[in-house]
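S.K.: 3D model of this:
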Amino acid sequence: MFFGSYQYTLDDKGRLVIPSKMRSESGPILFAMRGFENCISLFTQQTFAQLVQQVNTYDFNQANVRQYLRTALASVIELPIDDHGRIQIPQETLKQFKLEKNVKIIGMNDHIELWNASIWDEYQSDAASQFEEHAANLSKK
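M.R.: Here you go, the predicted model:
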């Protein structure tokens, strides 16, 4: 389980240290994929395999399913964790998701999210103002 938030810095080569608490849960490789609200989602090998199993149940005959799958799966990148606990994010991906020097790393239970720190701050400010309202509207499964 991933939780918490951390502020880390990208180096000039696009390398980012994954917090040690998260590395102990992640294994040697993370799978990066387009997330929601302009972040990058990182999955362990196990959770990525579960995600692939889930998307294999979607009806590919539906245009919205094809569009989602093409966009999501085309964005997937394998990111090995090096001996220093870092992943190297390609420059194109950094630009696409506006990741700059300061990166916010967010634990999201079954995955990790990477955010541009200033975009995260704006998002978090808006979300925090509606926290109780959203909590009250959650439905039980």
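
S.K.: what are the boundaries of the helices in this structure?
M.R.: Taking DSSP state H to define them, one finds helices in the chain at 20-26, 45-55, 63-74, 91-96, 117-129, 131-136.

S.K.: reformat the ones you listed into CSV and put distance to Asp83 next to each item.
M.R.: For every residue, glycine as well, the C-beta is placed using N, CA and C. Shown next, in CSV, are these (distance: least, Cβ to Cβ, whole Å):
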stretch, distance to Asp83
helix 20-26, 11
helix 45-55, 19
helix 63-74, 29
helix 91-96, 22
helix 117-129, 26
helix 131-136, 39
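
S.K.: put together CSV for those, with mean neighbour count, distance to Glu37 and mean pLDDT on each row.
M.R.: As requested, these are exported to CSV (neighbours: other Cβ atoms under 10 Å; distance: least, Cβ to Cβ, whole Å; pLDDT from 0 to 100):
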stretch, mean neighbour count, distance to Glu37, mean pLDDT
helix 20-26, 15, 20, 93
helix 45-55, 14, 18, 95
helix 63-74, 12, 14, 95
helix 91-96, 13, 14, 95
helix 117-129, 13, 6, 93
helix 131-136, 8, 14, 89
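
S.K.: can you say which of those helices is nearest to Lys104?
M.R.: Among the helices of the chain, the nearest to Lys104 by Cβ to Cβ is helix 117-129 (4.0 Å).

S.K.: which residues sit against stretch 93-113?
M.R.: Outside stretch 93-113, the residues that touch it by Cβ atoms under 8 Å, 6 or more residues apart in numbering are 1-10, 14, 16, 18-19, 22, 26, 30, 32, 35, 38-44, 47, 77, 89, 114-121.
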